[in-house]
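1. Here's my sequence, what's the structure:
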Amino acid sequence: MSQPVAPQRSSQLVAWLLYVPQLLLDLVLGVFGIFSVFATDSCGSVEDEPAVCNGDYFSTVLFSFWFALLGLIVVVPILIFVSARRGGRPWVWPLLGGFLSIVLVVVFFALMTR
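-> Sure, this is the predicted structure:
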């Protein structure tokens, strides 16, 4: 017997509706990542300089944050599609993507305030 189409389509719809806020969150976080340059304001004015005063460290953390966000933007729709094709629960992936976005922000701020 084949499975009913309606529950599968409704879970796909829910997954895509959950992906839209996750996508917007990732894009906004990427733009706000630019403002992390203000973390370098104290460079040169204090004796014990933070790690972000090292240009290589700063750029590595910032670009790693952006690439991780970009990875979530690209990978989550692929996982939604594959999960829906295999009859899984596609709505799980945007929730996990949103959670990982928040974890990335926490790690990003922790690294920027070292």
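
2. Quickly note the distance from the closest residue to L69 other than its chain neighbours to S45.
-> Spatially, and ignoring its direct neighbours in sequence, L69 is nearest to D26 (4.7 Å; Cβ to Cβ, 6 or more residues apart in numbering). For every residue, glycine as well, the C-beta is placed using N, CA and C. Shown here: D26 relative to S45, a distance of 34 Å by Cβ to Cβ, to the nearest Å.

3. More neighbours: the two, which one.
-> Taking other Cβ atoms under 10 Å, D26 and S45 do not tie; D26 has more neighbours (23 against 7).

4. Next one: the more buried one from T113, what distance?
-> For D26, the distance to T113 - Cβ to Cβ - is 22 Å.

5. and if you look at T40?
-> In terms of Cβ to Cβ, T40 sits 12 Å off from T113.

6. Quick check on V46: phi, psi?
-> phi -130, psi 160 (degrees, to the nearest 10).

7. Okay, and the residue nearest to L69 sits in which element?
-> helix 5-32 (DSSP states H and E).

8. Now do the buried residues in that helix.
-> 11-12, 15-16, 18-19, 22-23, 25-26, 29 (16 or more other Cβ atoms under 10 Å).

9. Give me the pLDDT value at S2.
-> Note for S2: predicted pLDDT of 56.

10. likewise A6?
-> pLDDT recorded at A6 is 58.

11. If you count neighbours, what's buried in the lengthiest helix in the chain?
-> Once the chain is assigned using DSSP state H, the helix that runs over the most residues is helix 55-85. The neighbour-count check on helix 55-85 (16+ other Cβ under 10 Å) flags 58, 61-62, 65-66, 68-69, 72-73, 76-77, 79-80, 83-84 as buried.

12. Just name whatever secondary elements that helix is in contact with.
-> Counting contacts by 3 or more Cβ pairs under 8 Å, 6 or more residues apart in numbering; DSSP states H and E, helix 55-85 packs against helix 5-32, helix 92-112.
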